[in-house]
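Asks: A predicted structure for the sequence below; I have some questions about it.
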Amino acid sequence: MPLEGPSPQPGDLIEFIRTLYQHWGVYVGKGNVVHLTDQEGFSSLSSALGGTAVVREDPIEIVAAGCIYRVNNKYDQKRRPYAPEKIVNSARREVGKKMKYSVTSANCEHFVTELRYDKAFCDQVDNAKTYATGGLLLAGAIGAIAAFSMQKNRQKQ
């Protein structure tokens, strides 16, 4: 799948649109991204099972693996990004390092946003928490309605 939107510039955050999640990297120029991934370089999703990940620099097309990807500097309105050369240099210094991985607090989006903004953000985690809380509330409400309905039916009999 092709790039969606403008061409990346060094220091840009790249969002890779996967089926169930997004993978993130920092564009470092010459067609490469630095990203937090599993040992084989496929994605951060398999890292979740092992609790560790590695920082790699790979060609953007290989990381995309057929998925759509795009520049997504979505936090630029909230935080001032570092200069592109600082982002790129910081990202490249991390290449080869093994890191603790946590879906909720130390994932690929946290990694790249910290490089760009000096603060880790992850909407995926925040959105999942919101949906999970909303889902639990909805399930509880449905359960309460069902219990009330069953009680009413028993009273009629």
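Replies: Received the coordinates, thanks.
Asks: can you tell me the helix or strand for the most centrally placed residue in the chain?
Replies: The residue lying closest to the centre of the chain (CA atoms, centre = their mean) is residue 109, at 4.1 Å. Secondary structure assignment for residue 109, by DSSP states H and E: helix 108-117.
Asks: Pull the distance from that helix to the chain's centre.
Replies: Its chain's C-alpha centre and that of helix 108-117 lie 10 Å apart, by CA atoms, centre = their mean, to the nearest Å.
Asks: before we move on, what about stretch 96-103?
Replies: That offset, for stretch 96-103, works out to 14 Å (CA atoms, centre = their mean).
Asks: Mean confidence (pLDDT) on that stretch, please.
Replies: On average, the pLDDT along stretch 96-103 is 92.
Asks: What residues of that stretch count as buried?
Replies: Residues of stretch 96-103 classed as buried: 101, 103 (neighbour count, 16 or more other CB atoms under 10 Å). All C-beta atoms are positioned from the backbone trio N, CA, C, and that covers glycine.
Asks: Just the CA trace of that stretch, in CSV.
Replies: The C-alpha coordinates for stretch 96-103 follow below in CSV (Å, rounded to 0.1, in the frame of the first residue of the first chain):
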residue,chain,number,x,y,z
GLY,A,96,20.0,-1.6,18.6
LYS,A,97,18.9,-1.1,22.2
LYS,A,98,16.6,-3.6,23.9
MET,A,99,13.8,-2.0,25.9
LYS,A,100,11.1,-3.0,28.2
TYR,A,101,7.8,-3.1,26.3
SER,A,102,4.3,-2.5,27.7
VAL,A,103,1.2,-2.0,25.6
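Asks: Make residue 1 into 49 and carry on from there
Replies: Yes, from this point I'll number from 49; that puts the last item at stretch 144-151.
Asks: Please save the CA atoms from stretch 125-142 in CSV.
Replies: Extracted C-alpha coordinates of stretch 125-142, given in CSV (Å, rounded to 0.1, in the frame of the first residue of the first chain):
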residue,chain,number,x,y,z
GLN,A,125,-0.8,21.4,18.4
LYS,A,126,-0.2,20.3,22.1
ARG,A,127,3.6,20.2,22.3
ARG,A,128,6.4,21.9,20.5
PRO,A,129,8.5,19.3,18.7
TYR,A,130,12.3,19.2,18.9
ALA,A,131,14.2,20.3,15.8
PRO,A,132,14.3,17.6,13.2
GLU,A,133,18.0,17.0,13.4
LYS,A,134,17.7,16.5,17.2
ILE,A,135,14.9,14.0,16.7
VAL,A,136,16.8,12.1,14.1
ASN,A,137,20.0,12.0,16.1
SER,A,138,18.2,10.9,19.2
ALA,A,139,16.3,8.2,17.3
ARG,A,140,19.5,6.8,15.7
ARG,A,141,21.3,6.7,19.1
GLU,A,142,18.6,4.3,20.3
